[in-house]
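Trainee: How does the following fold in three dimensions:
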Amino acid sequence: MSEQILKINSVDICTESFGNAKDPAVLLIMGAMSSLDWWDEDFCIRLADQGRFVIRYDHRDLGRSTVYEPGTSNYTITDMADDAAGVLDAYSIEQAHIVGMSLGGLIGQILALRYPERVTTLTLIASSVFGTVMEELPPMDQRILDHHAKSASVDWANKESVIAFLADGWKTLAGSKPYEQERMYKLAKREAERAKQLPSRFNHAMLAGGDEYYDRMCEISVPVLIIHGTEDPALPYEHGLALRKAIPQATLVTLDGSGHEIHREDWDEIIDSVRRLTSR
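Mentor: Modelled structure (predicted):
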């Protein structure tokens, strides 16, 4: 594993890479309010062992990347797609396989439309359609919103309280598969130790922009893989089905009983599906 702080679009973006830089590149784009830590290190290593050069990175307002004052809006989702392209530039990568989780999947869709020559394949995990149809799909479970509302009472100077809050957030996102408490607390601890300013994560709630790419998924011409859990409480399974309808050439892999997560029980299927897609 190799960490770098890169100057991209006039901001600092923290990245980590795994594997041989000569192998085909896979750029992992995590979801909202989630640092690179939630692409589990062991997951990244196993993917790299498939002969892939794997890169994960912190979005703005997360981890060791540039953070802004909590409660402010300083960039758009299109800027975040430009950040992803900038990571590829910094590694001198002309084309990459993009794997996006949740918001990362929306960023991946914009990236594939904005920089089609940079994207070889696109994998969308627990994501949704970047378009008006999203308004017609089932909403986020109220338990998730209730958990985020508790952030106002968190003592962000108390590491134990912060770790519990971060880890418990993933409990609200779980499906019926066993909640991986030990692993979630381990990842939450790593994020808490790395982060410059944890409350800045909530700036993602004000994210806007990208309207010019709405309802244009049918223009995505690269091979697309959709992976979605049947018990996703954040973006219910219907979001995955809508993606499959919006991108006619896409393949859908259904994870029975999985929520808005990359559960260890699903790693083999996810990694094998990505391996097969990126071997085309």
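
Trainee: tell me the helices in the chain, going along the chain?
Mentor: Assigned by DSSP state H, the helices in the chain fall at 41-48, 77-90, 103-114, 142-149, 159-171, 181-194, 237-246, 267-278.

Trainee: any chance of those in TSV, with mean pLDDT, distance to Glu212 and mean neighbour count too?
Mentor: Backbone N, C-alpha and C define where each C-beta goes, glycine included. Formatted as TSV, those follow (pLDDT from 0 to 100; distance: least, CB to CB, whole Å; neighbours: other CB atoms under 10 Å):
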stretch	mean pLDDT	distance to Glu212	mean neighbour count
helix 41-48	98	32	17
helix 77-90	98	8	21
helix 103-114	98	9	26
helix 142-149	96	29	13
helix 159-171	96	32	18
helix 181-194	97	33	17
helix 237-246	97	17	20
helix 267-278	98	27	17
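
Trainee: Make TSV out of the ones you listed and add distance to Pro70.
Mentor: Shown next, in TSV, are these (distance: least, CB to CB, whole Å):
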stretch	distance to Pro70
helix 41-48	28
helix 77-90	18
helix 103-114	18
helix 142-149	13
helix 159-171	14
helix 181-194	16
helix 237-246	28
helix 267-278	33
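
Trainee: which one of these lies closest to Leu62?
Mentor: Proximity to Leu62 (CB to CB) singles out helix 181-194 among the helices of the chain, at 8.3 Å.

Trainee: contacting residues around Thr66?
Mentor: When the contact criterion is CB atoms under 8 Å, 6 or more residues apart in numbering, the partners of Thr66 are 11-13, 60.

Trainee: which one is it nearest to, not counting chain neighbours?
Mentor: Val11 (4.0 Å; CB to CB, 6 or more residues apart in numbering).

Trainee: for Ile77, same thing?
Mentor: Gly210 (4.4 Å).

Trainee: same question, Gly131
Mentor: Counting by CB to CB, 6+ apart, the residue nearest Gly131 is Asp215, at 3.9 Å.

Trainee: Backbone dihedrals for that neighbour, please?
Mentor: phi 60, psi 30 (degrees, to the nearest 10).

Trainee: That one: how many residues sit nearby?
Mentor: Applying other CB atoms under 10 Å, we find 14 residues neighbouring Asp215.

Trainee: re earlier: and Ile227, which of the helices of the chain is closest to it?
Mentor: Ile227 sits nearest to helix 267-278 of all these, at 6.0 Å, using CB to CB.

Trainee: got the angle for that closest one vs helix 41-48?
Mentor: 40 degrees (axes from the mean of the first three to the mean of the last three CA atoms, to 10 degrees).

Trainee: what about the nearest residue in space to Leu207 that is not next to it in sequence, distance to Gln109?
Mentor: Once flanking residues are discounted, Leu207 sits nearest to Ile77: 5.5 Å by CB to CB, 6+ apart. For Ile77, the distance to Gln109 equals 10 Å [CB to CB, to the nearest Å].

Trainee: where does the residue lying closest to Ala208 once chain neighbours are set aside fall, phi/psi-wise?
Mentor: Closest residue to Ala208 apart from its sequence neighbours, by CB to CB, 6+ apart: Thr76 at 6.0 Å. Per-residue torsions, Thr76: phi -110, psi 170 (degrees, to the nearest 10).

Trainee: ditto for Ala126
Mentor: Taking degrees, to the nearest 10 as the convention, Ala126 sits at phi 50, psi 50.

Trainee: can you count the residues close to it?
Mentor: For Ala126, using other CB under 10 Å, the count is 28.

Trainee: likewise the one 4 residues further on?
Mentor: Close neighbours of Phe130, defined as other CB under 10 Å, add up to 25.

Trainee: And for the one 4 residues further on?
Mentor: Met134 is flanked by 17 other residues according to other CB under 10 Å.

Trainee: Against Gly31, how distant is it?
Mentor: Met134 is 15 Å from Gly31, by CB to CB.
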